[in-house]
Structures are given as structure tokens and as C-alpha cells.
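S.K.: only geometry, no sequence info:
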Ligand code: IVH
């Protein structure tokens, strides 16, 4: 009996490890969440029934134990070194020359380099004994680090056991812990909502998460990892770094998504440039390319200088954070009237782009960071986000810096401003503010809205300043002659713009809803509203309560929609607009009297005929919505085989549960 349970536990662990690897390392899950939950619960139950059979490498250990008072210390088997940096092609070529010298090789002999991404996270030493994760520690002073094993175990891309039947006796593997940019932004939003600390960048957030004494906090952060390095080895040898990393892949680690073996400097430079162009699109932050001699024996032969191997180099990209000075602070008025303080800084190159302006967000942020005109500040750019001032170098103050306060009147129209309780934004109350109008028009024509090409910021300014447009619908009355009178317009350019405006006369509904620029209504919300209502007019009269009934529409959005559509001038403008454009109704059958129109489905378990994505598509095509979690708003839970916790939740909440067969019937497919 005990033997049987032991065997079952082993099988379950192997299955869960396999699915963790598919999900967290390869990003290719094969089973539903419910089926996974079921395996996990089965393992937990067996372990609870037989505590003596609980293994240290069981996935149930990933939830972490009780909070610690402090971290213990762990000595690394071999020191964790650092890398010398190069900031230019010249410095990289000097490195190559140096390596030639130390290897005693002629300059014309091309060296074999292994190149990969330089991850901008927190470095870590993982020790595996006979294939099982024994401990994990931070870099510390390079010799000794902090024991963060409990926290590291919560990161699913780090195997608790190597996927091999012939593990080495002992091996130290080094890698980096990261937070992807999206997860970082989400975390900061959540932190702000809870009134907790805002992290300056993903690296700080990752470091802060790993250095939490309570493993439950680390477990709640979606940390990921990439491994690239080796420390002390016993019972295994590698000849090249490529061979080592390929082994890491088979053992179940996540490794650099870009890596190559390059013969000579030219191909290294090509790789470096290729990654630089890709950098912005990567889902996580990197700060360079790492160049390493591929043959491990050569790395050893080249030797070490201070704490860095001579045969390795961090070939850095321009930093995304820079120091500059605030020359002035000006106030911009946005589309909904929000006054945003913007710092005009001494131009500086950040991450390859010249930055002249950086947002200061609002008065609260200025006060919190104590930002003054004349201050020297750190500014940063993350992805496509507008540059922002991160912090002030207070030690550089001369005493001449000036504090800043937002004006109590709109700097554009002079109307008074107000701040709603509980909000940090200050708004111009006027309906006729030119600044707001310009922003509204700019928003209306942007790519995700009506997508009118060629209507940039400058042209919108001119059109508004010249009194040619006073609202969105006026755009459609513009004539070529009007444009020709404006500075910078010629025959061809004016013709093109009129053509582009004409082509925008048949927009999809969501583009119009989004384009109206209603507060809190982004593209996704606009799509939800479009698919729910199928036309603009029902939005005029829909009550706040009715709006909140729609899945994913919360009270704030509902209130904002109500406020917008209850204003007579907004409705009048929409009526004028509808005379000019012909909205393409959503393809969805939400307008039809389909049985499932507006209904919310949750899918769980495995279906016999439909794949999950087909089921989702069919439901959405007929105006229904598919949600990932069961709540009181759910209309139907469709349960397939091995349905798990979602089915339990449905029963608990009294949500109707149907089978795949019944769903097919509703869809008219049976
Ligand atoms: S190899 C001798 N490869 O950069 C150290 N390091 O500045 C060998 N890093 O401490 C390190 N990505 O934390 C290596 N692909 C990569 C890396 C990488 C990030 C970090 C690592 C190291 C620091 C050196």
C-alpha cells in the first residue's frame, strides 16, 4: 500500500514537473488549468495522508514555508565573479586583442565566442546535489551570499530536480532572476492601489521580491529566471559553453532565447547589433550582450583580472536611465482636461533616443520625489513608455532650485481647475478649452481609433488654431482648399489627407467608442462595449447599473460612461458624427437574438470535439463572452472531462453547469 502511494507520488511529481516545464519554460502548455489543478490536489492529498513520503523536490514545496526572521549565509563553491564592460565597438575590439595576447594567438586567428543576452536582474547561485535543488543564494560579496532557497523554490522555471537520470554529484548553476516588463508594470499598479512602495525598475522589483523574508510574498510575484553560468562542478565536465547551455535546456532550465557561437569579431558585432534592434521588443530588460570564449579551457587559460575572467565581456547598450537637469516645468492639458506637469530637461540620450521631456505625473508625485526646477535628476525610459523622472540627486543641489506648484487656473483657457476627492489628477473644468479639443482630435484620429494617417500633432494644432475644426465631426467637412491655406500643405499632401479622412468614414464600432476619448475607456473596454451593444445609441441611455452588469465593466468605467453620455453636447456631437460616418456593426451575432448573446461562459476540463480555442471563438462569434474565472456574473460553466476547481466553484455559487453537448446545441452545432 505504502509502496503504491510512493509510486503514485513519483508519477504525479513527474507529471506536474513535465507540465510546469511546458508552461513556465517553453511557454507551450498542453493541459487545461483544471487538469493541472487536479494533479496538484491529488499530490497534496497523498502527501497529507503520508507525510513521511513527502519529497523535498515535490512541486507542493513551491509554496514556501513560514516567514523567516533573517536570511542565513551560504558560501559559494567557487566565487561569483563579475564581468568587464565595453561601451563601444572600439572597446570590444580592444577586448578581443587582449584575449589574443593572453591566449598567445596571432591577431588574424578568429576566436570562437559564445554570445547571448545580458539579463538585467538579480544574480543567483543554485546548488544541485544528485540532481535535487539543495540551496539557492544571492551573489552577496561574491564569496558568500544570502540563503534565499525558500523564495527561489516558488519560481516555477527553476527545476527542483534536474530532468536527467544521470545527474552530476554536485553542480552550481548561475542565473538571473527577472520580472518581465508587463508584470513589473502590473505589480507597480497593484502596489500603488494598496498604497505600497513603487519599484523604480524591474530589477529592483525582482531583488525586492527575492529578499522578502515571507516566501508567500515572493510566491505572489510572477518572477522568472534565465540560467547561463557554472560554478563548482563534481562528477561532470563541459567543453564549451554552448554544450553547457544545451545541457541546461535538457535539464529543464530557461536559457537565453538568443545565443550563437561566433567566429571572430565581425559576427559578434552583427549579433550585438541584431539584439540592439530587438531590445525594445523583448518582454524583459537586458542591458547588453555577453561575449564569452566558447571553449571553457580557453576561458581558464586567458586567466582573471581582479574579479573578472579575461575571456568574457559585458558588451553594454546605452543605458535607459540617465542623469540630466530640469530646465523648466510646463503644464500640459490633456484630452479630458487633466493638467500634467512635464519637465523640460537638458537633452540627453537614453537607451538610444534623445530625451527632452519627461513626465512628472502629478503634484503628488512631484511632492513625493521633492522635484524642483534646476534639480539634477535621473530620468528613465522603459519600453515605449513616456520618459519619467525617477529621482533627484539631492546632494547636487546648490540652493537655487525652485519648488513647483500646479497653477489653479488652466494654463491654456484660464478656466478654474478642480481636483476630485480621492484622485491625484487636477482638471480644467471648461468644455471649450482649446488644449482639450486638440487632444480630443488627436485621440480620435490615432491608430487604434479612426486611424487617419497623416493627421499629426502639428496639423491638428493648425486646424484648431485656425478655427477649421471645433469638434470631431468637423474633420469630415474639411476641403482641400481649406488645407491649402495652411502652412506646409501642397497640392499632393492636402489631397492625400482628404483621401485619408474619406477612407475613415466606415469605422468599426469599437474604434468610434474608443475614439470618443471617454475617461477610463481604453481599446479593450471599447471592444467589450461594442460587442455588447452592437451600436452607439443604446449607450446613450444605458444606466450605470446596467453597464456594471456587463462582464469586466466596473463601477468607475460605468460612472464615466454615464457622465459622458448624459451630457447633451456629447450626444449632439455624436449625432453630427453619425451623419458623416457609417459604422460597421460588429461581426458578432450580439445583435441577433442568439440565445447566448451577452452571456458569460467559463470553460473547464477537456472537451471531446471542440478545442478550447474553437469553443471560445464560436461563443464569441455568437455574441457570448468567455471568462477565465467563475464568479456570480458567470452564466454557464461548460465542464469537460477532468474538470477541476472551477466546477467546484460553480457548484458553490450555484452557477449553471452544462456539458459540451449542450453548448453545441446552444451554438446550433448539434
Ligand atoms: S556570465 C564571471 N552571462 O552580469 C561572471 N552574466 O556584470 C560570469 N549577467 O554577475 C557571468 N546576464 O549577474 C553572464 N548571460 C549572462 C548574464 C550575466 C547577466 C550578470 C551576472 C553577472 C553580471 C556581470
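M.R.: Yes, it's here. Predicted model only: the values in this text are computed from it and were never measured. Numbering: from 1, shown residues only.

S.K.: What's the local residue count around the nearest residue to residue 540 once chain neighbours are set aside?
M.R.: The shortest distance from residue 540 to any non-neighbouring residue, by CB to CB, 6 or more residues apart in numbering, is to residue 565 (5.1 Å). Where you see a C-beta, it was placed from the backbone N, CA and C, and this is true even at glycine. Residue 565: 20 surrounding residues under other CB atoms under 10 Å.

S.K.: ok, residues contacting the helix or strand containing residue 565?
M.R.: Under the criterion of DSSP states H and E, residue 565 resides in helix 555-566. Helix 555-566 has contacts (CB atoms under 8 Å, 6 or more residues apart in numbering) with 516, 518-521, 525, 529, 539-545, 547-548, 570-571.

S.K.: again with stretch 191-205
M.R.: Contacts of stretch 191-205 (CB under 8 Å, 6+ apart): 120-122, 178-181, 184, 187-188, 208, 221, 284-285, 321, 380, 382, 390-391.

S.K.: Recalculate using a threshold of 10 Å.
M.R.: 119-122, 176-185, 187-190, 206-209, 221, 223, 284-285, 287, 320-321, 365, 368, 378, 380, 382, 388, 390-391, 424 (CB atoms under 10 Å, 6 or more residues apart in numbering).

S.K.: So among those, which ones count as buried?
M.R.: 119-122, 176-181, 183-185, 187-188, 206-209, 221, 223, 284-285, 287, 320-321, 365, 378, 380, 382, 388 (16 or more other CB atoms under 10 Å).

S.K.: The protein against the ligand: which residues are in contact?
M.R.: 81-83, 116-119, 123, 176, 228-229, 256, 290, 309, 312, 314 (CB under 6 Å from any ligand atom).

S.K.: So which of those residues are in helices?
M.R.: Counting by DSSP state H, these place none of their members in helices.

S.K.: which of the residues you listed tops the neighbour count?
M.R.: Within the residues of the chain next to the ligand, neighbour counts (other CB under 10 Å) peak at residue 119, which reaches 26 neighbours.

S.K.: Check whether it really touches residue 284, as I assumed.
M.R.: Yes. Here residue 119 lies in contact with residue 284, judged by CB atoms under 10 Å, at a distance of 7.1 Å.

S.K.: what is in contact with the two at once?
M.R.: 176, 178, 206, 224, 226.

S.K.: any idea what sits nearest the residue of the stretch 101-250 of the chain found nearest the ligand, other than its immediate chain neighbours?
M.R.: Nearest residue of the stretch 101-250 of the chain to the ligand, counting by CB to the nearest ligand atom: residue 123, 3.1 Å away. Spatial nearest neighbour of residue 123, chain neighbours left out: residue 139 (4.8 Å); criterion: CB to CB, 6+ apart.

S.K.: What's the per-residue pLDDT of the one you found here?
M.R.: Note on residue 139: pLDDT of 93.

S.K.: State the distance from it to residue 456.
M.R.: 48 Å (CB to CB, to the nearest Å).

S.K.: The two - which one has more neighbours?
M.R.: Taking other CB under 10 Å, residue 139 and residue 456 do not tie; residue 139 has more neighbours (19 against 10).

S.K.: for the more buried one, what are its contacts?
M.R.: Residue 139 neighbours (CB under 10 Å, 6+ apart): 76, 79, 80, 81, 82, 122, 123, 124, 125, 145, 146, 174.

S.K.: how does it look with 8 Å?
M.R.: 80, 122, 123, 124, 125, 145.

S.K.: what's the helix or strand for the one residue sitting closest to the centre of the chain?
M.R.: Nearest to the mean C-alpha position of the chain, by CA atoms, centre = their mean, lies residue 182 at 1.2 Å. Applying DSSP H and E as the criterion places residue 182 in helix 181-193.

S.K.: what's downstream of that helix, the next helix or strand?
M.R.: With DSSP H and E, the next secondary element past helix 181-193 is helix 202-210.

S.K.: Can you give me the buried ones in the very next helix or strand once past that next one?
M.R.: Downstream of helix 202-210, the first helix or strand assigned by DSSP H and E is helix 215-220. By neighbour count on 16+ other CB under 10 Å, the buried set for helix 215-220 is 215, 218, 219.

S.K.: Likewise for stretch 241-259?
M.R.: Buried residues in stretch 241-259 (16+ other CB under 10 Å): 241-242, 244-245, 247-248, 251-256, 259.

S.K.: can I get the residues you listed in TSV with secondary structure and pLDDT?
M.R.: Output for these, formatted as TSV (DSSP: H, G, I helix; E, B strand; the rest coil; pLDDT from 0 to 100):
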residue	secondary structure	pLDDT
241	helix	98
242	helix	98
244	helix	98
245	helix	98
247	helix	98
248	helix	98
251	helix	97
252	coil	96
253	coil	97
254	coil	97
255	coil	97
256	coil	97
259	strand	97
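
S.K.: Would you tell me which one of the residues you listed comes nearest to residue 332?
M.R.: residue 256 (40.7 Å; CB to CB).

S.K.: correct me, but the closest one touches residue 225?
M.R.: No. Residue 256 is beyond contact range of residue 225, at 11.6 Å (criterion: CB atoms under 8 Å).

S.K.: Low-confidence ranges, the stretch 501-650 of the chain, go.
M.R.: 551-552, 586-594 (pLDDT under 70).

S.K.: Thanks a lot, catch you later.
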